[in-house]
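**Q** Could you work out the structure for the sequence below:
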Amino acid sequence: MIAIALLAALAESSAPDWGVLARNDLASRLRLRPEEVRMVESQSVTWPDGSLGLARLGEMATMALVPGASLVLEAKGRRFRYHAGGNAVKLAGPVALDRFSLLYLEPNESDPNGNGSLVRSSVLGYGAQTVLSGVTAFEPGPGPAVLAVRRTSRSGQQLWLWTPQGGQPRRLHAAFSYGPLAVDGKAGRWAAVFRATAGGAFRVAWGEVGGDRPRETDPPVGQPVDRLAFEAGVLAARTGTKWRSLGQAGWEPSADREAYDERGRWLLNRSFRLEARSMAASDGGRRTVVAKVHFSGMEASRAELPGLEFDRFEPLADGWVLVCGREGEASAAYLVHADLGWVIPSCKARGPIRAFDMPAATQGGLPARSLDSEGGERVQ
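**A** Numbering: from 1, shown residues only. Predicted coordinates:
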């Protein structure tokens with residue numbers, strides 16, 4: 001009995017302190033002192049496998065159940081979720097970003113028309129799951145909803161709508177090719193720049209999900225449309241740096257959306273804006289700098305991402321921004337805090353990465369869907 005008690009005491013004394021491990025890990029990531037991080041919540045959990053519920057695409061993990069814990073830590077008023085088990089702790093992500101996941105395209109070399117698979121993961125790239133196959137381009141929107149383009153031949157593409165809770169994707173439109181897309185799942189509206197034939201003029205189509213045949217109009221006069229968006233249910237188009245809203249009299253000037261430009265500018269308030277841009281690195285490569293800029297022109301660097309060729313950023317929540325670009329042949333995304341300058345590597349993929357306003361915790365219940373030209377529910 002004494003020997004058993006001694007062995008139990010020895011095992012208990014050698015067990016890792018997950019709270020200490022997580023605190024040290026988060027402090028190192030955020031460049032803080034460990035005493036600046038505190039644990040605010042701990043719940044016992046049995047994880048389904050050795051990945052502690054945070055598996056990456058292609059990652060191998062033991063299949064045995066792992067006793068562990070779900071931890072919440074706090075640093076400078078921001079909370080972070082950790083998974084713990086065995087001798088390891090893993091950062092799951094900022095608690096404020098629980099409502100978001102990521103979408104990205106992965107190529108499918110066997111598809112004769114060059115379509116790929118639309119993959120969904122957590123904001124740190126965990127739990128990746130194919131949600132749509134047969135996709136060549138996509139645009140997420142609130143609702144949540146996704147517009148997806150499927151290439152059907154060398155001279156044809158189709159536009160589809162997918163809502164995670166709506167079951168089978170719906171076919172909306174067909175054309176020779178598509179440009180910028182926009183969708184508002186909450187309002188049940190979509191829009192797309194398209195070409196009906198090779199060499200034809202660009203047009204803008206828009207409609208309501210479940211409504212009559214889509215309507216069409218010419219785009220605003222001037223530069224090509226590089227982005228579409230819905231603002232309070234009204235369709236807006238951007239040409240260069242100017243936005244125009246579609247009214248009864250046609251396209252009218254609009255400044256409602258000029259506070260944010262995904263190409264590297266976000267107006268934080270009347271005095272400051274956040275900017276992101278690529279610059280030459282000292283090693284001859286590229287780097288992305290994220291800076292907070294005062295209206296006077298003075299700026300303070302918030303973060304530097306070596307090796308990243310900047311493409312776009314997206315504001316998320318609680319000061320977090322998703323910064324996306326290219327690292328060599330791969331797409332890469334980082335979480336950057338606009339005020340505190342924290343940087344957390346997010347995800348790497350072979351195709352573009354976008355934020356999706358739907359909690360990653362639900363992704364296990366989403367079946368994979370296929371954009372089949374013969375199947376689905378046709379809207380048009």
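**Q** Show me the contact partners of stretch 76-84.
**A** By CB atoms under 8 Å, 6 or more residues apart in numbering, the surrounding residues in contact with stretch 76-84 are 18, 21-22, 25-26, 32, 36, 40, 45, 47, 52-54, 68-74, 89-96, 98, 318, 337, 340. Quick note: C-beta positions are derived from backbone N, CA and C, even for glycine.
**Q** can you pull the alpha-carbon coordinates of that stretch into PDB?
**A** Extracted in PDB, the C-alpha atoms of stretch 76-84 (Å, rounded to 0.1, in the frame of the first residue of the first chain):
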ATOM      1  CA  LYS A  76      -3.900  42.800 -21.400                       C
ATOM      2  CA  GLY A  77      -7.600  42.300 -21.300                       C
ATOM      3  CA  ARG A  78      -7.700  39.800 -24.200                       C
ATOM      4  CA  ARG A  79      -8.600  36.200 -23.800                       C
ATOM      5  CA  PHE A  80      -7.100  33.100 -25.500                       C
ATOM      6  CA  ARG A  81      -8.300  29.500 -25.600                       C
ATOM      7  CA  TYR A  82      -5.900  26.600 -25.100                       C
ATOM      8  CA  HIS A  83      -6.300  22.800 -25.300                       C
ATOM      9  CA  ALA A  84      -4.200  20.800 -22.900                       C
END
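**Q** Would you mark the buried spots in it?
**A** 78, 80-84 (16 or more other CB atoms under 10 Å).
**Q** Closest one of these to A236?
**A** R78 (32.8 Å; CB to CB).
**Q** what's the spacing between the closest one and E36?
**A** 11 Å (CB to CB, to the nearest Å).
**Q** Could you do R302 as well?
**A** Taking CB to CB as the measure, R302 falls 19 Å from E36.
**Q** Ok, G250 next?
**A** 56 Å.
**Q** Please state the mean pLDDT value computed over stretch 269-288.
**A** Regarding stretch 269-288, the rounded mean pLDDT is 92.
**Q** In that stretch, which of the residues would be classed as buried?
**A** Applying 16+ other CB under 10 Å to stretch 269-288 flags 272-276, 278, 286-288 as buried.
**Q** Show residues contacting that stretch.
**A** 264-268, 289-295, 299, 302, 304-310, 313, 321, 323, 325, 338.
**Q** Among those residues, name the ones in strands.
**A** Cross-referencing those against strands under DSSP state E gives 265-267, 289-294, 299, 302, 304-306, 309-310, 313, 321, 323, 325.
**Q** Drop anything exposed from those residues.
**A** 265-266, 289-293, 302, 304-305, 310, 313, 321, 323, 325.
**Q** show me where pLDDT drops low in the protein?
**A** 1-15, 256-257, 361-368, 372-380 (pLDDT under 70).
**Q** What ranges does it have for its helices?
**A** Counting by DSSP state H, the chain has helices at residues 2-14, 18-30.
**Q** got the end-to-end distance for stretch 105-113?
**A** Using CA to CA, to the nearest Å, the end-to-end distance of stretch 105-113 comes out at 15 Å.
**Q** Stretch 116-128 now?
**A** With CA to CA applied, stretch 116-128 spans 15 Å between its terminal residues.
**Q** coming back round to it: of the buried residues of stretch 76-84, which belong to strands?
**A** Using DSSP E, the buried residues of stretch 76-84 in strands are 78, 80-84.
**Q** Rebuild these as JSON lines, extending it with distance to A237.
**A** As requested, these are exported to JSON lines (distance: CB to CB, whole Å):
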{"residue": "R78", "distance to A237": "36"}
{"residue": "F80", "distance to A237": "39"}
{"residue": "R81", "distance to A237": "39"}
{"residue": "Y82", "distance to A237": "43"}
{"residue": "H83", "distance to A237": "43"}
{"residue": "A84", "distance to A237": "49"}
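**Q** Would you tell me which one of these comes nearest to V146?
**A** R81 (25.6 Å).
**Q** Would you write a ChimeraX line that selects the buried entries of the contacts of stretch 76-84?
**A** Buried members of the contacts of stretch 76-84, defined by 16+ other CB under 10 Å, are picked up in ChimeraX with:
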select :18,21,22,25,26,32,45,47,52,53,54,68,69,70,71,72,73,74,89,90,91,92,93,94,95,98,337,340
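**Q** Give the buried residues for stretch 217-235.
**A** Buried, per 16+ other CB under 10 Å, within stretch 217-235: 219-220, 225, 227-230, 235.
**Q** Can you get me the start-to-end distance on that stretch?
**A** Start-to-end, stretch 217-235 (CA to CA) is 12 Å.
**Q** Give me the contact list for it.
**A** For stretch 217-235, using CB under 8 Å, 6+ apart, the contacting residues are 141, 179-184, 187, 189, 191-193, 201-204, 206, 236-240, 242, 244-247, 250-251, 254, 256-257, 262.
**Q** How is this structure partitioned into domains?
**A** Following the assignment in automatic domain parsing, the chain carries domains at 2-97, 101-378.
**Q** distance of the nearest residue in space to G240 that is not next to it in sequence from G247?
**A** Among residues not flanking G240 along the chain, Q223 sits closest, at 4.6 Å (CB to CB, 6 or more residues apart in numbering). Shown here: Q223 relative to G247, a distance of 20 Å by CB to CB.
**Q** before we move on, what about V221?
**A** Applying CB to CB, the value for V221 to G247 is 15 Å.
**Q** same check, this time on G264
**A** 29 Å.
**Q** neighbour count winner among the two?
**A** G264 (18 against 11; other CB atoms under 10 Å).
**Q** Please list all residues in contact with the more buried one.
**A** Here G264 is in contact with 275-277, 310, 312-313 (CB under 8 Å, 6+ apart).
**Q** Just name the closest of those residues to D111, please.
**A** R312 (25.6 Å).
**Q** so that closest one makes contact with V321?
**A** No: checked against CB atoms under 8 Å, the pair R312 and V321 is beyond contact range at 10.5 Å.
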